[in-house]
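Peer 1: from the sequence below, what's the structure:
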Amino acid sequence: MTKRGLLPFLALLAAMPVAAMAQDSRTDFANSGDTAWMIAAACLVLFAGLGLALHNSSSVRSRNGLSVLIQTAAVSAVVTLLWGLVGYTLAFGDITGGWIGGGNAWMLIELGNLRGGTRTAESAFALFQIAVAALGPALMIGAWAERARFGWVVTFSALWTLVVQAPIAHWIWGGGWLSRNLGVLDWAGGLVTFTSAGVSALVVALLMGRRLGFPGQSGRPQNPALALSGSAIVWIGALGLCGGWAVAANDDAAAAMIAAHLAIAAAALTWAGLERLSIGRVTAIGLGKGVIAGMAVSAPAAGYISPGAAMLFGVLGALTGFQTRRLIRDALNVDDTLDVFAVSGACGILGSLLLGVFLSPSLGGIGYFGDMSMKTQLIAQLYALAIVIFWSGMATAIVALMASLLFPMRVSEDAELAGLDLASHGHGGEPLS
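Peer 2: Got it, this is the predicted structure:
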């Protein structure tokens, strides 16, 4: 292409930032403190993604660690771009039929000065949602680690975030039919992020099949110390995830952060105790899984429950995740490499159900909204779980097979034996020390 031919394209690119950040001309003014907090929370959520990358890459064998990092970085970049283009408007655009958002915020062109019902600039809210969107695919990478082809991973994640994640986000967070008609609640992603990603991860693990040598020769994690450090970063980022959903710098944000903090601490210690009882020692990998389980189980309820209930959530989440891991891996012989369904999916499901009970003021919760009661809230949460599980499973299978038309899901046996670091990316993986 000649320089003259490039000029119109470059002019279009130069105009895009102006359009993307354009806001309407109304005289509503955002609260600077609330907006600043949303920006900070978005950064903390991105920090959690980094923690997941470190935890996952350090939990696999040394010849595959770099491939997990590269997949996480590439998928995060793709999801970020797609949510800037269409994902945000599909999830949080104008409410039409309640199934999918309107196209008013395509490429973030028409953002309000304020996000509806808040004093926060919608641009800051959009930044936070784009950061949150990258968490789901980052979680799923742990399910297919050590055997998935890079091209398939990126293609599948791009389709998944638009076909699975964005519609569910609209149904529950964007004023769609589950929240508007049934009163379904999900504070920070128990349904939208952790349940959908966990179920989808399990479906992909089933479609992709087991690793060579699983379960007897699945290997040791390359660097447990770095894996635990990554989960510590996830812990910090989880506070931003739960606090950010208050969409304000207020006591609701602080209360949600306290609940998440306590739940994660309880889950980590409970998982450690379960390991000590079952295998006679506490491992860094297990402690890290407890942290992620605590984040998943507290996410749906952090802003609605008492500190005491949050601790119970953490204990029950660790128990559920630990036993589900045994069921999936040992009893069913399913190779979910890093136990994504057990740690994220099962705990997100549990937290979404427990919310219906512990929302009760008699148990320290903030109380039910409108004419909802414990019974009706539980029914709503159960119905939402059924819908999210069905949609995530069915749509994931479809988009996974669609992506495989372009790229095979798995690498060859020779590539898997050599390790994806070398076979897919040209780098020989060595244990970190």
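
Peer 1: which element follows the host helix or strand of residue 257 toward the C-terminus?
Peer 2: Per DSSP states H and E, residue 257 falls inside helix 251-279. Going down the chain from helix 251-279, the next helix or strand is helix 284-298, by DSSP H and E.

Peer 1: show me what the helix or strand following that next one is packed up against.
Peer 2: Counting by DSSP H and E, the next helix or strand C-terminal to helix 284-298 is helix 307-326. Helix 307-326 is packed against helix 251-279, helix 284-298, helix 346-358, with contacts defined by 3 or more C-beta pairs under 8 Å, 6 or more residues apart in numbering; DSSP states H and E. Every C-beta, even on glycine, is put in place using the N, C-alpha and C of the backbone.

Peer 1: on that earlier part again, list the buried residues for the helix holding residue 257?
Peer 2: Of the residues in helix 251-279, 252-253, 255-275 count as buried by neighbour count, 16 or more other C-beta atoms under 10 Å.

Peer 1: again, but for stretch 80-90
Peer 2: Neighbour-count burial for stretch 80-90, with 16+ other C-beta under 10 Å as criterion, is recorded at 80, 82-84, 86-90.

Peer 1: now those residues as CSV including pLDDT?
Peer 2: Output for the buried residues of stretch 80-90, formatted as CSV (pLDDT from 0 to 100):
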residue, pLDDT
80, 98
82, 98
83, 98
84, 97
86, 97
87, 97
88, 97
89, 96
90, 96
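
Peer 1: looking at those, which is nearest residue 118?
Peer 2: Using C-beta to C-beta, residue 88 is the member of those that lies nearest residue 118, at 15.8 Å.

Peer 1: sec struct for residue 222, please.
Peer 2: What DSSP: H, G, I helix; E, B strand; the rest coil gives for residue 222 is coil.

Peer 1: for it, phi and psi?
Peer 2: For residue 222, the backbone dihedrals (degrees, to the nearest 10) come out as phi -70, psi -30.

Peer 1: now do the contacts for residue 312.
Peer 2: Shown in contact with residue 312 (C-beta atoms under 8 Å, 6 or more residues apart in numbering): 266, 358.

Peer 1: ok, now the one 4 residues further on?
Peer 2: Neighbour list for residue 316: 297, 350, 354 [criterion: C-beta under 8 Å, 6+ apart].

Peer 1: ok, residue 116 next?
Peer 2: By C-beta under 8 Å, 6+ apart, residue 116 lies in contact with nothing.

Peer 1: same list (the buried residues of stretch 80-90) but as CSV, adding distance to residue 204 and secondary structure.
Peer 2: Formatted as CSV, the buried residues of stretch 80-90 follow (distance: C-beta to C-beta, whole Å; DSSP: H, G, I helix; E, B strand; the rest coil):
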residue, distance to residue 204, secondary structure
80, 21, helix
82, 19, helix
83, 21, helix
84, 25, helix
86, 23, helix
87, 20, helix
88, 25, helix
89, 27, helix
90, 22, helix
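
Peer 1: roughly how far apart are residue 397 and residue 200?
Peer 2: 9 Å (C-beta to C-beta, to the nearest Å).

Peer 1: so if I had to pick from these two, which one is more boxed in?
Peer 2: More crowded of residue 397 and residue 200, by other C-beta atoms under 10 Å: residue 200, with 31 against 15.

Peer 1: what pLDDT does the model give the more buried one?
Peer 2: At residue 200, the model reports a pLDDT of 98.

Peer 1: what does residue 142 give?
Peer 2: Turning to residue 142, the model gives it a pLDDT of 96.
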